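Trainee: Next one to model:
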Amino acid sequence: MQAVANNIANMSTTGFRREGVIFAEHVADLRGEEPSLSMATAEGRAVDLSQGVLQQTGGRYDLAIEGEGFFMAQTPDGNQLTRAGAFVASPEGALVTAEGFAVLDAGGAPIAVPPGATQLTVARDGTLSADGQPVAQVGVFLPADPNDLIEVAGTRFKTAQAPQATGDGAVFQGYLEGSNVNPVAEITRMIAVQRAYEMGQSFLESEDSRIKSVVQTIGR
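Mentor: Residues are numbered from 1 along each chain as shown. Model prediction:
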């Protein structure tokens, strides 16, 4: 329910990736004529990497990726991946995220925006040009293992292994990628989860009443 609620709360968040819950079933042999006993537990969360809708903004530093890949930002807790491309130029002339973290190029170095540049363009391969002169290439990275993504702050993810630069995703300037959450599907999931919880609660209450009835009958 927490995962579904978080998805619904971020259905309008730029670059948000929907999350699902992975369950594991543990089965125990009761060593008798009784059937086995099983219990399901939530073992982790899976990030949905499907494409979100690209929304045109016309922003000079707004970037979106079509296809596979993430931008990479340099944070105090290490390099982290993100699809949220609402970038800005810092007073020092660096391309940074909304939180102020440096955006990295294909080689893993911070990207500098030339001061005084009147025309700034980003090609589909991420090449950043100022007044017609290439100055950097915005990095597009893939995690070594897609199942290794761990959400750390809304739209940012960390990985156990260092991501690899890739040219598979196309970079669009003046666009932002919306959340890939399907509102109708998530609300439907929320209703299903709520009903399953109510059924489980009803079963426990019925079982409790049955046990009390047995105890009272035997006590007589």
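Trainee: mind listing what's buried in the helix or strand bottoming out on mean pLDDT in the chain?
Mentor: In the chain, the helix or strand scored least confidently by mean pLDDT, DSSP states H and E is strand 37-47, which has a mean of 77. The neighbour-count check on strand 37-47 (16 or more other Cβ atoms under 10 Å) flags Val47 as buried. No exception for glycine: its C-beta is placed from N, CA and C like everyone else's.
Trainee: Tell me the helices and strands packed up against the helix or strand hosting Ala196.
Mentor: For Ala196, the host element (DSSP states H and E) is helix 183-219. Judged by 3 or more Cβ pairs under 8 Å, 6 or more residues apart in numbering; DSSP states H and E, the packing partners of helix 183-219 are helix 2-9.
Trainee: between the helix it packs on and strand 37-47, how many degrees?
Mentor: Orientation of helix 2-9 against strand 37-47 (axes from the mean of the first three to the mean of the last three Cα atoms, to 10 degrees) gives an angle of 30 degrees.
Trainee: Run the chain-centre distance for helix 2-9.
Mentor: 12 Å (Cα atoms, centre = their mean, to the nearest Å).
Trainee: Also stretch 126-140?
Mentor: On Cα atoms, centre = their mean, the centre of stretch 126-140 falls 27 Å from that of its chain.
Trainee: That stretch: end-to-end distance?
Mentor: Using Cα to Cα, to the nearest Å, the end-to-end distance of stretch 126-140 comes to 8 Å.
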